Structure formats: C-alpha cells, structure tokens
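Participant: This is the structure alone, sequence omitted:
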Ligand SMILES: Nc1ncnc2c1ncn2[C@@H]1O[C@H](COP(=O)(O)OP(=O)(O)OP(=O)(O)O)[C@@H](O)[C@H]1O
Ligand SMILES: [Mg+2]
C-alpha cells in the first residue's frame with residue numbers, strides 16, 4: 001500500500017514537473033531554442049543538396065522562378081513564426097507582406113519532407129533551396145510545380161499592377177540597375193486634350209502592333225514600335241506616355257540617359273528590361289545637346305534598330321520625347337528608328353474646349369466666343385498652364401475661363417511669339433537658307449511688328465507647317481491640328 005502511495009506521489013511530481021517545464025519552455029520561448037538545437041543535431045545525420053535560384057539568369061534577364069519563389073515564401077506560415085523577418089506594404093494600402101531578411105532561413109514542409117529556403121544576398125540576390133538528398137527524387141519536381149501553381153494566380157493578378165522602373169547609376173555591389181515602384185498614373189487617352197482622330201489613330205496603331213508578331217517576323221524585323229512625341233513643355237507628352245502604358249497594360253522603363261555610363265552599360269540596362277514593356281527616353285534633345293558622346297548615340301541607335309532587343313524578348317514599345325526636333329540628328333529620327341512622329345502643340349480653341357470639359361465639366365459657355373477670338377488672333381498657352389488655371393478655379397467655371405482669358409491676353413501673347421519661333425525652328429531645317437534668315441528676323445527685339453503683322457505671319461506659318469506635315473507623310477506623322 002505504502003509502495004502504491006509512493007508510486008502515485010512520484011507520478012504526480014513527474015506530471016507537475018513536466019507541466020512546469022512545458023510552461024517554462026513555452027512561456028519563455030525556450031521551446032524554439034530547443035527545436036533549433038534538435039534541427040542542428042538532425043542536420044548532422046543527413047546529407048543535403050542545395051539549389052540556387054538567382055534573381056537574374058546568365059543573360060542578365062529576370063529569372064521568373066525567383067519572383068515566384070519570393071511570392072511563395074511571403075505566404076509561408078513558418079515565415080510568420082520565424083525569429084526575425086521584414087514587413088513591407090503590399091499592393092493594396094492595407095496589405096502587409098512578410099519578406100525574408102538577408103541570409104535568413106525558413107523551413108517548409110512538403111509531402112512529409114522538410115525543405116529549407118535561404119535568402120542569400122552576397123553581391124546578387126538568390127534563394128537557396130536545401131533538400132535532404134533522400135527526399136530529392138520524391139519531392140523536388142512536385143514541390144516546384146506546387147510553387148508554380150500556387151503563385152500563378154498571384155502573377156496573373158500582377159498583370160493588372162503596372163510597374164515603373166527607373167535606372168540607377170552603375171554599382172558593382174548589385175546586379176540590378178532598375179528600381180521599381182508601382183505605376184499608378186491616372187492618365188488615359190480620354191483625359192488628354194487632343195484631336196479625337198489623332199487619338200484613334202494612335203490607339204489603332206498600338207492595337208495593330210499587338211497583333212502583328214507573325215507579320216514582323218515574316219518581314220525579318222524585330223517586333224517593336226517606336227514613337228517620337230515632340231512639342232513644347234507642358235503639352236502632355238509625359239501624360240501621353242502614361243496613357244499609352246495604361247492602354248497597353250505594359251510596365252514602363254524610364255531610362256535616364258544621364259545615368260548611363262557607357263555603351264556596354266546601356267546594353268546591360270536594356271537586357272534587363274522585359275518584354276511587354278514601354279521603354280521611355282524623356283528629353284532626348286536635352287541629352288544630345290548636353291552630354292551625348294559618339295558611343296552613346298551609337299548605342300542608342302543600335303537599340304532603336306532592334307539589334308539589342310533581338311537578342312532578348314521582343315514586344316516593346318519605345319517612346320522618345322523631345323521639346324524640339326531641331327536638336328536631334330535626322331539620322332536618329334529616320335523611318336525605321338522612329339516609326340511614328342506625334343506632334344504636341346500648344347493649346348488651340350478645340351484643345352481648350354476639351355480641357356474645359358475634362359477640368360470644369362463645361363461643354364459650352366457664354367465666354368467661349370471671346371476665348372475663340374483670342375486663340376484665333378494667335379495667343380496661346382500650354383495645356384498644362386490652362387489646366388492649372390482651371391484646377392485652381394474649378395468651383396466657378398466663369399472665373400476659370402476669365403482667368404484663362406486674362407492669361408492668354410498677357411502670357412499668351414508672349415507664348416504666341418515663342419510659338420511662332422517654335423514653328424519657325426521646326427520648319428527651318430527644311431526651309432531654304434534664305435527663308436530661315438528671313439524668318440529669324442522675327443525674333444529680334446528691334447523688329448517692331450504690329451499685332452496685325454504677327455497675325456499675318458502666324459497664318460502663313462500655319463500654312464507652311466501644314467504643308468511640311470503633309471510632305472512628311474511617308475513616315476507617319478500625326479499632327480494635332
Ligand atoms: N493635352 C493635354 N491634355 C490634358 N492635360 C494636359 C495636356 N497637356 C498637359 N496636360 C497637363 O499638364 C501637366 C503637364 O503635362 P506633361 O508633364 O505631360 O507635359 P510634357 O509635355 O511632358 O512637359 P515637359 O516637356 O516639360 O516634360 C499634366 O498634369 C497634364 O495633366
Ligand atoms: Mg514630360
């Protein structure tokens with residue numbers, strides 16, 4: 001009997017001890033330490049095989065598997081339970097995602113087998129998958145297939161989320177030269193004040209480009225299309241690029257040529273761009289004036305010709321913006337390098353009406369005839385300037401239109417002279433020397449032209465520029481007018 005009580009007491013003490021130990025291990029978190037030691041011990045008795053998944057492949061292009069693994073690892077519960085991890089915002093404002101820290105390892109289970117993932121960031125970014133050799137044959141393929149299936153939806157969803165990539169200066173530490181942010185520009189073809197005809201032409205040009213893979217290949221050409229957007233500042237060139245990206249649902253790669261060090265750097269950057277993307281070179285004229293070298297121009301032309309794009313994925317749209325075509329060598333703009341030229345002029349009355357509908361919700365107004373008269377007399381402003389005035393006075397359309405009228409009467413007059421200058425310089429390159437000399441006289445301050453003379457000259461210039469646009473029809477030149 002005594003022995004029985006003793007046994008009961010020992011069992012009771014044993015249970016209490018186990019309970020206390022459990023509480024101690026769990027409350028203090030020592031259990032995790034214990035698990036870690038167990039794993040280290042187990043590791044000593046297994047042979048592992050490792051697989052590296054680099055962010056870029058050998059031709060410096062994005063490795064899609066890397067992106068999938070990254071999305072997959074973010075969804076792992078084990079990551080949530082790990083000692084340390086990074087928290088970042090997701091696609092939606094309230095989304096918070098988990099990301100492995102540099103050199104952090106996380107465990108996953110698949111078909112009863114344990115696998116380990118490490119985020120290795122030494123120079124370049126890689127994921128390393130560690131599997132027991134004994135499990136490899138059984139689980140490697142199904143496991144990768146499992147990751148692929150689970151992340152396919154996520155990747156599909158990402159198609160709706162466009163990205164804007166910007167290049168950074170060369171840096172030996174990193175393999176990637178592009179940093180990306182979500183591209184959420186609200187600009188669409190509808191929000192841009194431009195002739196409907198012209199917009200439709202651009203849209204159908206883009207649509208027919210999308211369907212023309214076989215056609216381009218049959219012709220032995222790289223499947224790409226290049227656009228030149230030219231016109232004064234604030235006329236909507238950048239907004240148009242955003243509208244094109246939204247229309248095509250393409251990512252945007254904005255190349256800052258000032259951050260490209262040399263020819264090979266340029267190639268490297270371009271190789272890292274993906275297909276189904278828009279590559280934008282803004283203010284090409286400024287770059288060519290300030291910093292271009294023979295090699296950078298050659299590299300640029302190679303790219304425009306498709307020599308570089310042909311070695312990686314195709315289906316790209318290239319867009320170059322310039323304020324004036326004058327500063328750009330005609331060889332750079334020749335047909336084949338630039339397929340479509342689109343002119344962005346300063347505002348005329350029809351563009352003004354477009355802006356009034358978009359910004360003020362006004363289709364007609366008693367002040368419109370007065371505005372039309374001022375535009376007719378040649379005064380003009382950029383759509384950006386007019387848009388700003390409308391936004392400021394959006395609560396009162398009358399006040400907004402009056403402020404536009406007064407700006408047109410003051411700044412517009414100055415712009416009118418500038419605009420004539422622009423037209424002259426645009427057409428100057430194709431005019432005879434005698435004509436250019438004659439026209440350039442307009443800008444000299446001592447030339448005291450009356451308003452009437454300006455109007456006459458402006459009318460003439462409009463006619464000239466129209467003729468010029470017709471004469472360039474061989475390379476499709478879409479002009480807003
Ligand atoms: N045609 C237009 N229709 C509607 N809004 C316009 C138009 N042009 C300009 N804007 C407005 O003016 C602002 C500036 O336009 P944007 O940056 O596209 O001009 P830009 O031609 O690229 O100028 P820059 O040559 O200085 O880069 C934008 O907020 C845009 O909404
Ligand atoms: Mg711009």
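Facilitator: Now that the structure is in, tell me what you want to look at. Owing to the predicted nature of the structure, the values given are computational and were not obtained by experimental measurement. Residues are numbered from 1 along each chain as shown. Ligands and ions are numbered 1, 2, ... in the order given.

Participant: can you map out the strands along this structure?
Facilitator: With DSSP state E applied, the chain shows strands at 48-54, 86-89, 96-99, 105-110, 113-122, 124-132, 163-167, 178-182, 224-230, 251-255, 277-281, 316-322, 340-343, 477-479, listed in chain order.

Participant: Between those strands, which one is closest to ligand 2.
Facilitator: Closest to ligand 2 of the strands of the chain, according to CB to the ion: strand 316-322, at 5.8 Å. Yep, even glycine has a C-beta here, placed from its N, CA and C like the rest.

Participant: List the neighbouring strands of that closest one plus their orientation.
Facilitator: The strands beside strand 316-322 in its sheet (DSSP bridges) come out as strand 224-230 (parallel), strand 277-281 (parallel).

Participant: Residues touching that strand, excluding its own?
Facilitator: With CB atoms under 8 Å, 6 or more residues apart in numbering as the test, strand 316-322 has contacts from 206, 209, 223-230, 237-238, 241, 244, 248, 250, 273, 275-285, 303-304, 309, 328, 338.

Participant: Which one of the residues in the stretch 151-300 of the chain is closest to ligand 1?
Facilitator: Closest residue of the stretch 151-300 of the chain to ligand 1, CB to the nearest ligand atom: residue 236 (2.7 Å).

Participant: What score does that residue have for pLDDT?
Facilitator: Looking at residue 236, its pLDDT is 93.

Participant: ok so, going back, for residue 177, find the nearest of the strands paired with strand 316-322.
Facilitator: Nearest of those to residue 177, taken as CB to CB: strand 277-281 at 13.5 Å.

Participant: re earlier: let me have the strands of the chain in TSV, extended by mean pLDDT.
Facilitator: Rendered in TSV, the data for the strands of the chain read as follows (pLDDT from 0 to 100):
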stretch	mean pLDDT
strand 48-54	91
strand 86-89	80
strand 96-99	80
strand 105-110	88
strand 113-122	88
strand 124-132	90
strand 163-167	90
strand 178-182	86
strand 224-230	91
strand 251-255	92
strand 277-281	92
strand 316-322	92
strand 340-343	93
strand 477-479	46
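
Participant: Output these as a markdown table; include the columns distance to residue 269 and mean neighbour count.
Facilitator: Putting the strands of the chain into a markdown table (distance: least, CB to CB, whole Å; neighbours: other CB atoms under 10 Å) gives the following:
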| stretch | distance to residue 269 | mean neighbour count |
| --- | --- | --- |
| strand 48-54 | 18 | 14 |
| strand 86-89 | 25 | 11 |
| strand 96-99 | 25 | 14 |
| strand 105-110 | 33 | 16 |
| strand 113-122 | 21 | 17 |
| strand 124-132 | 16 | 18 |
| strand 163-167 | 6 | 20 |
| strand 178-182 | 8 | 12 |
| strand 224-230 | 16 | 23 |
| strand 251-255 | 7 | 23 |
| strand 277-281 | 10 | 23 |
| strand 316-322 | 13 | 24 |
| strand 340-343 | 24 | 21 |
| strand 477-479 | 29 | 18 |
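
Participant: Adding distance to ligand 1, write the ones you listed out as CSV.
Facilitator: Below are the strands of the chain laid out as CSV (distance: least, CB to the nearest ligand atom, whole Å):
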stretch, distance to ligand 1
strand 48-54, 37
strand 86-89, 26
strand 96-99, 32
strand 105-110, 44
strand 113-122, 37
strand 124-132, 34
strand 163-167, 14
strand 178-182, 18
strand 224-230, 8
strand 251-255, 12
strand 277-281, 11
strand 316-322, 6
strand 340-343, 11
strand 477-479, 14
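
Participant: Specify the stretch among these that is closest to residue 196.
Facilitator: Closest to residue 196 of those is strand 477-479 (CB to CB; 12.3 Å).

Participant: Surely the residue of the stretch 151-300 of the chain closest to ligand 1 is in contact with residue 189?
Facilitator: No: counting by CB atoms under 8 Å, residue 236 sits too far from residue 189 to count as a contact (10.9 Å).

Participant: returning to that earlier point: ok, the residue of the stretch 151-300 of the chain closest to ligand 1 to residue 244 distance?
Facilitator: For residue 236, the distance to residue 244 (CB to CB, to the nearest Å) stands at 12 Å.

Participant: what does residue 25 give?
Facilitator: Relative to residue 244, residue 25 is positioned 60 Å away (CB to CB).

Participant: more crowded one of those two?
Facilitator: residue 244 (23 against 15; other CB atoms under 10 Å).

Participant: Look at residue 379 and say how many residues are nearby.
Facilitator: Residue 379 has 25 neighbours, counted by other CB under 10 Å.

Participant: tell me the phi and psi of it?
Facilitator: For residue 379, the backbone dihedrals (degrees, to the nearest 10) come out as phi -70, psi 150.

Participant: do the same with residue 394
Facilitator: The phi and psi values for residue 394, taken as degrees, to the nearest 10, are phi -60, psi -20.

Participant: which residues does it contact?
Facilitator: By CB under 8 Å, 6+ apart, residue 394 lies in contact with 359, 360, 400.

Participant: out of those, who has the most neighbours?
Facilitator: The residue in the contacts of residue 394 with the most neighbours, by other CB under 10 Å, is residue 400 (24 neighbours).

Participant: so what's it up against?
Facilitator: Taking CB under 8 Å, 6+ apart as the test, what residue 400 contacts is 359, 360, 389, 390, 392, 393, 394.

Participant: cool, and residue 376?
Facilitator: residue 349.

Participant: Please tell me how far it sits from ligand 2.
Facilitator: Counting by CB to the ion, to the nearest Å, the gap from residue 376 to ligand 2 is 28 Å.

Participant: Let me see the confidence value for that residue.
Facilitator: Reported pLDDT for residue 376: 90.

Participant: go on, residue 436?
Facilitator: Reported pLDDT for residue 436: 25.

Participant: Check residue 78 too.
Facilitator: Per-residue confidence at residue 78 stands at 78 (pLDDT).

Participant: surely it meets residue 107?
Facilitator: Yes: between residue 78 and residue 107 there is a contact under CB under 8 Å: 5.2 Å.
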